[in-house]
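K.L.:
Compute the structure for the input listed below.
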Amino acid sequence: MAISDSQKVDYLWKKLGYSATKTDTNANKKAPNEAIASPLLLRSDTIWAQAHNIPAILPGSTSQPVTVYPTSAPQECTQDLTATANRTWKTGGANWISPEFGSTYQVKVYIHTAGDAAGASGGTQVFATGSGNDDEWFFDYQSGVLHFIGTNLPNGVSFTGKSVYVSGGRYTGDLGIGSIVDANISSGNVTANISGNVDGSFGVFEGNVYADWFLGNLDSNIGTFDTSLYAEQLTVSSNTSVTDSSATIQYLTIEGETITSTNANLIISPNTSGANNVVKIGGVTALDIPTGTTAQRPGNPDAGYVRFNTTLGTLEWYTGLTWASGSQGITQQTITPDGSSTTYTLNQEATADSLLVSINGTSQNPDTAYSVSGTDLTFTETPLTTDIIDVRFLAVAVAAAGLDDIVEDTSPQLGGNLELNSKDIYGTGNINISGSASVTTLTHVPRVTYWHLSSDHTSATGVIDNWVKQTSGVYYNDTGITYSSGTFTFTEAGIYRISAKLELSGGSGEYASWEFRKNTTTYGKPNILRQVTRSANGGSMPYKSMIMQVSASDTFDINITGTGGGVIEADFSELEFEKIG
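P.N.:
Next up is the predicted model:
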């Protein structure tokens, strides 16, 4: 005996309405009394992964993940020949979008001449509710099949030479769990093999996150992995790709060995908001840095690059101008001369400043007795075959630049003697040497400015105002002084020795003197007022020298005081400023 329709309906009622298993008739066990759960199967491989991108209104044209079949080009169906004639028509495509997403997704159905989709909307449109003649239709959006479910076929419509056309939209996006969107996993551990992308506006991981493999991208928009958001650390075994430059992870454990950059450089940078923030690499063994030959040095290095040079067998760094290297300590090399060569090969790259060279126990003067270029040691005179040449490579020897310049270093450290080799030590201020120092020859190089009068000064009294700087002859290192209209202004504080030669002359009965002035006030004692009559070969204290301590912006001038009301001339005049402290 066939299963009754009432039993079928009872099965569907319990299955769909209560997700329960039918174990008895409706008369013996009502749906709420069925105890065995039987939810509908949800296949992960058919889930619409991009359903959230379906717009609420059917688009005017195809736009992923929606493929549109407009009324101007609807989908022509084929008749299901296994069913009653003209009852069932197949679109040939599944996953039509139902009105659940919006009323405009309700399909439109036309009956029109076969093979003329463009003209279908001009044919007969039939409606789901029928024409009042029990000729309704039902469209299965999941399978894409139209069935005239009413008792009758559409009233007054002939199917001869015609097809059914369907206009609407189909989901053609990704299927399966490719992405988890806006999901919060609030507790427990996550163990998963992830083959899609993990993205979203925010994500919280309170337990451990383990992934045996990760083939997609971990987008930083998922949020910040912070200790306030999860209890344990993120552990990824291999093949994780972080594509956003602002991704933040509090703790990351790599179970493999390699972090690889697909770009030119790999940058690890600390937070720069703190002055003492640095990149720290832990461990108690060693740090393996880039290693290569001299020929493999980077072509366009930046200051601070560090590598191990296998050609030289030493650590080296780029100063911004040249490659420099540090030796392992003071090492020694003995050279046996052949009696004809002047150039010999060193064990490592060096400069004349970084070597101590002796022949038969006698130290040789760098740049005079020998020179160095890279690994070539060249002597001025040819060594004899009986000579014993001893070479010492100094500890922390600078291999390229030597000690020609030590700039802005407040505490340079030396492990041995400092040989200047005809170089200079100088500073913009005082140079202090604490402790004991042994100096064979000490030469003080003064900072001196020389001045003279451009023409005879002619005036009864007042400041001499026609000084000019001497720019030829004995002229060394200019002091910090400016000049304008008889007034000298110091731009550097310090101690100056000021010397002047000045002869005054005048008419009969004229008396005069001159004085140094600091900030327009007499400094020291003026010269004695004395007669400067020409016939008496005048001259008022023709030479004066004085030590003056000044501050920056202090002024200096030479002022003449005269009596008798006549004209006084200053000539044969020289003025010298020497900064001595």
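
K.L.:
all contacts plus neighbour counts: C-alpha atoms, from now on.
P.N.:
Fine.

K.L.:
Quick check: neighbours of the helix or strand in which residue 546 is found in the sheet, parallel or antiparallel?
P.N.:
Per DSSP states H and E: residue 546 is located in strand 543-550. Strand 543-550 pairs in its sheet with strand 494-506 (antiparallel), by DSSP bridges.

K.L.:
Moving C-terminal from the partner strand, which element do we reach first?
P.N.:
Next element after strand 494-506 (DSSP H and E): strand 511-518.

K.L.:
List phi and psi for residue 577.
P.N.:
phi -110, psi 130 (degrees, to the nearest 10).

K.L.:
how long is stretch 382-394 from one end to the other?
P.N.:
This stretch, stretch 382-394, spans 24 Å end to end (CA to CA, to the nearest Å).

K.L.:
Kindly report the same for stretch 126-143.
P.N.:
Termini of stretch 126-143 sit 20 Å apart (CA to CA).

K.L.:
Counting neighbours, which bits of it end up buried?
P.N.:
Neighbour-count burial for stretch 126-143, counted by 16 or more other CA atoms under 10 Å, picks out 126-128, 130, 134-137, 139, 141.

K.L.:
Could you dump the residues you listed into JSON lines with secondary structure added?
P.N.:
Shown next, in JSON lines, are the buried residues of stretch 126-143 (DSSP: H, G, I helix; E, B strand; the rest coil):
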{"residue": "126", "secondary structure": "strand"}
{"residue": "127", "secondary structure": "coil"}
{"residue": "128", "secondary structure": "coil"}
{"residue": "130", "secondary structure": "coil"}
{"residue": "134", "secondary structure": "coil"}
{"residue": "135", "secondary structure": "coil"}
{"residue": "136", "secondary structure": "coil"}
{"residue": "137", "secondary structure": "coil"}
{"residue": "139", "secondary structure": "strand"}
{"residue": "141", "secondary structure": "coil"}
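
K.L.:
wait, which of those is closest to residue 92?
P.N.:
residue 141 (11.7 Å; CA to CA).

K.L.:
Let me see the contact set for that closest one.
P.N.:
Listed by CA atoms under 8 Å, 6 or more residues apart in numbering, the contact partners of residue 141 are 94-98.

K.L.:
what's the distance between residue 547 and residue 12?
P.N.:
Counting by CA to CA - residue 547 and residue 12 are separated by 116 Å.

K.L.:
what's the answer for residue 67, then?
P.N.:
Taken as CA to CA, the span from residue 67 to residue 12 is 33 Å.

K.L.:
close enough to count as contact, residue 140 and residue 148?
P.N.:
No: Residue 140 lies out of contact with residue 148 (CA atoms under 8 Å); the separation is 11.2 Å.

K.L.:
which residue packs closest to residue 153, ignoring adjacent ones?
P.N.:
residue 135 (5.2 Å; CA to CA, 6 or more residues apart in numbering).

K.L.:
Surely the one you found is in contact with residue 157?
P.N.:
No: Residue 135 sits out of contact with residue 157 when judged by CA under 8 Å, with a separation of 10.8 Å.

K.L.:
hmm, back to that, any chance you could list residues touching both of residue 140 and residue 148?
P.N.:
By CA under 8 Å, 6+ apart, no residue touches both residue 140 and residue 148.

K.L.:
Report the contact partners of residue 7.
P.N.:
residue 25.

K.L.:
is it fair to say it lies in a strand?
P.N.:
No: counting by three-state DSSP, residue 7 falls outside a strand, being helix.

K.L.:
Quick check: the gap between it and residue 24.
P.N.:
9 Å.

K.L.:
Please apply the same query to residue 513.
P.N.:
Taken as CA to CA, the span from residue 513 to residue 24 is 138 Å.
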